[in-house]
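[1] Please work out how this folds:
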Amino acid sequence: MPVNPVSPMNRREFVQKSAVTGAAVAVAGAAGTGTAEAAGRKPEHKPRTWTFSILGTTDLHSHVFDWDYYKDAAYSDAKGNSVGVARVATLIKQQRKAKGEDHVLLVDAGDIIQGTSLAYYFARVDPITDGVKHPMAVAMNHMRYDAAALGNHEFNYGIDVLRKFEKQCRFPLLGANALDAKTLRPAFPPYTVKKIRVPGAPDIKVGILGLTNPGIAIWDKDNVSGRMVFPGLVEQAKKYVPRLRALGCDVVFLTDHSGLDGSSSYGDELPYVENASNLVAEQVPGIDAILVGHTHVEVPSYTVKNAETGEDVLLSEPYCWGYRLSVFDFEVELEHGRWKVTGKTAQTLNPNTVDEDPEIRKLLQADHELVVKYVNTAVGTCTADLSAAESCWKDVPIMDFIHEVQMQTVKAGLSASDAALPLISVAAPFSRTADIPAGNVTIKDIAGLYIYDNTLYGKKLTGAQLKDYLEYAAKYYHQVPAGTAVDTATLTNANSFWDYMYDTAAGVDYEIDIAQAEGSRIKNLTYGGTAVTDDQVFVVAVNNYRANGGSGYPHIAAADIAYSSTNEIRQLMIDYVVAKGTLNPADFAVTNWKLTQAGTPVFQG
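    Residues are numbered from 1 along each chain as shown. Coordinates of the predicted model:
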């Protein structure tokens, strides 16, 4: 929706200037008739005003320090970003000092406890207990968060781990659309109400409503099925925003783990929109502002007009990993005993110019060093350097490593009848920067290749369904007509199809003809040198995210299950190297997919 160029701040400035002009006219008129009191007029009283701010983070993914555990080095990227709440904490201290401690609230929009080796360590290697505190709970308690929304990745390690984390937090984890499957009542607090003290006036009551992502029902089906359900954001906001207003909230602020473009990555698998913050703003009256999360983008300030009231709703998304801090500034005015918002602005601040908070460093340095030691543990050796740099357009050995582990694991767990079926694997190139060096192989080398905490399935697809699946994957490429040069810088990520969404297959041979239109690209699909038939049945090794419908692939969510495991694929890869001792690409399953233009190979694997 377009942003109104006449912002509330501008309107207020216009009124103030008009009032000054009117006062001058009144004085001139009074010169000939006596004072205002003589004319029976009472002196005007200046309205009571106040300012306060809400600071916001999102998608921190357990980045505490400015450190890359996969590279065992300080974080760096081409844009000069820093990561970690330790730097963000310094910005927050600066904001509180400049504006006043009692003028600032601090909120997060979810995805806190998954995403780095530190997160994995405290979920699986040395799990949090009453005695072992999660580093993110320690850091966020120290930073004095007022509330956080639940992110979808909060559920990756199961509800029990999430409950332990919740118990360690001195702030509520909010989820108005995270409901108990049996009672359909909120399984977490839907909202919290914070009071901002104003000397000599009523408190400003700020209602903070938390909403999470409906996609949890798909992405973490194994952890939540039968225990929790996740209705839509709009539906639950319509229920709770009026309740907050009825409680006397002067300001209603939402923290949504949901993007703001109205899109969904899971097609029609769910009736609820994945990225619905703009729809919430447009369709639910009574909201002042929304902190947005989930999509890992920077949106400093965005305005949506509510369709019912015509009021502007202010939104901001501070990227991810602690790259940015959103700052919402509010002006309110006391009117008939109630505070009313008269102005609001939003911006994002970059913490890359400030130092890390030394207190957080002191609190969590020992935890950080434990994780550094863990990820640098050697688990075996490798006979050659394996790089993922070209994995998005070439068949490369480092991807065959993932496929090999998935197929060998599924094969060992199949029934006798399913073991007679042809077995293949599908997997995505999660990181183009991943590299397993020749020589010693450490945990961080493997963790940098397989960055998600996925588990493994074996599902059955027919040959026709497999071709549909691969055609869906092939929409990842932009169409490049025959005879046109192929530029890898612009070849991939068509249709907003990101690397983690693009699956390659091993165990079958096929070509992807990028000269053809989407839906007609898969050519020469064979198994064992013979063309795949429509009714041929395959067992497909696939991660749980994709198996449950993640990224909207056809057929796979409804396919019969031949195998399932609760072990993370990353750990299976580590165990494979430990058992082998030496990682040798010659041991991997032979596969051969390639890009072509009208039958002519573009790259050779």
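
[2] Tell me how far Pro47 lies from Asn278.
    33 Å (C-beta to C-beta, to the nearest Å). C-beta coordinates here come from the backbone N, C-alpha and C atoms, glycine included.

[3] Hmm, Pro127 is touching Val161, no?
    Yes: the pair Pro127 / Val161 is scored as a contact, 7.0 Å apart, by C-beta atoms under 8 Å.

[4] Look at those two and report which has more neighbours.
    Val161 (21 against 14; other C-beta atoms under 10 Å).

[5] check contacts around the more buried one.
    For Val161, the contacting residues are Ile113, Ala123, Pro127, Ile128, by C-beta atoms under 8 Å, 6 or more residues apart in numbering.

[6] returning to what we had before: look at Pro47 and Asn278 and report which has more neighbours.
    Applying other C-beta under 10 Å to Pro47 and Asn278 shows that Asn278 carries more neighbours, namely 22 against 10.

[7] Look up how far Arg245 lies from the more buried one.
    Applying C-beta to C-beta to Asn278 and Arg245 gives a distance of 21 Å.

[8] Likewise for Arg338?
    Following C-beta to C-beta, the distance that separates Arg338 from Arg245 is 11 Å.

[9] Could you do Ala505 as well?
    Ala505 is 53 Å from Arg245, by C-beta to C-beta.

[10] quick one: which of the two has more around it?
    Legend: neighbour count by other C-beta under 10 Å for Ala505 and Arg245, higher for Ala505 (25 against 15).

[11] Show me what the more buried one is bridged to.
    Val426 (DSSP bridges).

[12] need the contact list for it.
    Ile424, Ser425, Val426, Leu466, Leu470, Thr591, Trp593 are the contacts of Ala505 under C-beta under 8 Å, 6+ apart.

[13] quick one: which of those residues has the most company?
    Ser425 (30 neighbours).

[14] List the residues that contact it.
    Counting by C-beta under 8 Å, 6+ apart, Ser425 has contacts 402-404, 406-407, 410, 505-507, 540-542, 589.

[15] how does it look with 6 Å?
    Residues counted as contacts of Ser425 (C-beta atoms under 6 Å, 6 or more residues apart in numbering) are His403, Gln406, Met407, Ala506, Gly507, Ala541.

[16] how near is Asp130 to Lys164?
    In terms of C-beta to C-beta, Asp130 sits 8 Å off from Lys164.

[17] which one of the two has more residues nearby?
    Higher neighbour count among Asp130 and Lys164: Lys164, with 22 against 8, using other C-beta under 10 Å.

[18] The host helix or strand of the more buried one: how far from the chain's middle?
    Here Lys164 is covered by helix 159-168, with elements defined by DSSP states H and E. Its chain's average C-alpha position is 19 Å from that of helix 159-168, according to C-alpha atoms, centre = their mean, to the nearest Å.

[19] Please pull up the helix or strand immediately following it.
    Taking DSSP H and E, what comes next after helix 159-168 is strand 173-174.

[20] Parallel or antiparallel, list what pairs with that following strand.
    Assessed with DSSP bridges, strand 173-174 is paired to strand 147-149 (parallel).

[21] so where's the stretch 201-350 of the chain uncertain?
    Under the criterion pLDDT under 70, no range of the stretch 201-350 of the chain is flagged.

[22] Where do the helices of it begin and end?
    Here the stretch 201-350 of the chain has its helices, by DSSP state H, counting those that start in this stretch, at 216-219, 221-224, 233-246, 277-283.

[23] what about those, which gets the closest to Gly550?
    helix 216-219 (5.3 Å; C-beta to C-beta).

[24] what about the helices in the stretch 351-500 of the chain?
    358-375, 397-412, 416-419, 443-449, 463-474, 488-491.

[25] Can you check which of those helices gets nearest to Lys97?
    helix 358-375 (14.7 Å).

[26] Tell me how far that closest one lies from the chain's centre.
    On C-alpha atoms, centre = their mean, the centre of helix 358-375 falls 24 Å from that of its chain.

[27] I'd say Gln597 and Ile512 touch.
    No: assessed by C-beta atoms under 6 Å, Gln597 is found out of contact with Ile512, at 10.1 Å.

[28] The two: which has the busier surroundings?
    Ile512 (21 against 17).

[29] which other residues reach the helix or strand containing the more buried one?
    Following DSSP H and E, the helix or strand that holds Ile512 is strand 509-513. Outside strand 509-513, the residues that touch it by C-beta under 6 Å, 6+ apart are Ala474, Arg521, Ile522, Lys523, Asn524, Leu525, Thr526, Asn592, Trp593, Lys594, Leu595, Thr596.

[30] How about stretch 401-410?
    With C-beta under 6 Å, 6+ apart as the criterion, stretch 401-410 contacts 423, 425, 427, 456, 458, 506, 541, 563, 572-573, 576, 588-589.

[31] could I have that stretch exported to PDB, CA atoms only?
    Output in PDB follows, covering the C-alpha atoms of stretch 401-410 (Å, rounded to 0.1, in the frame of the first residue of the first chain):
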ATOM      1  CA  PHE A 401      28.000 -36.600   0.100                       C
ATOM      2  CA  ILE A 402      24.600 -35.500   1.400                       C
ATOM      3  CA  HIS A 403      22.800 -37.800  -1.000                       C
ATOM      4  CA  GLU A 404      25.100 -40.800  -0.100                       C
ATOM      5  CA  VAL A 405      24.400 -40.400   3.600                       C
ATOM      6  CA  GLN A 406      20.700 -40.000   3.000                       C
ATOM      7  CA  MET A 407      20.400 -43.100   0.800                       C
ATOM      8  CA  GLN A 408      22.600 -45.300   2.900                       C
ATOM      9  CA  THR A 409      20.600 -44.400   6.100                       C
ATOM     10  CA  VAL A 410      17.200 -44.900   4.500                       C
END
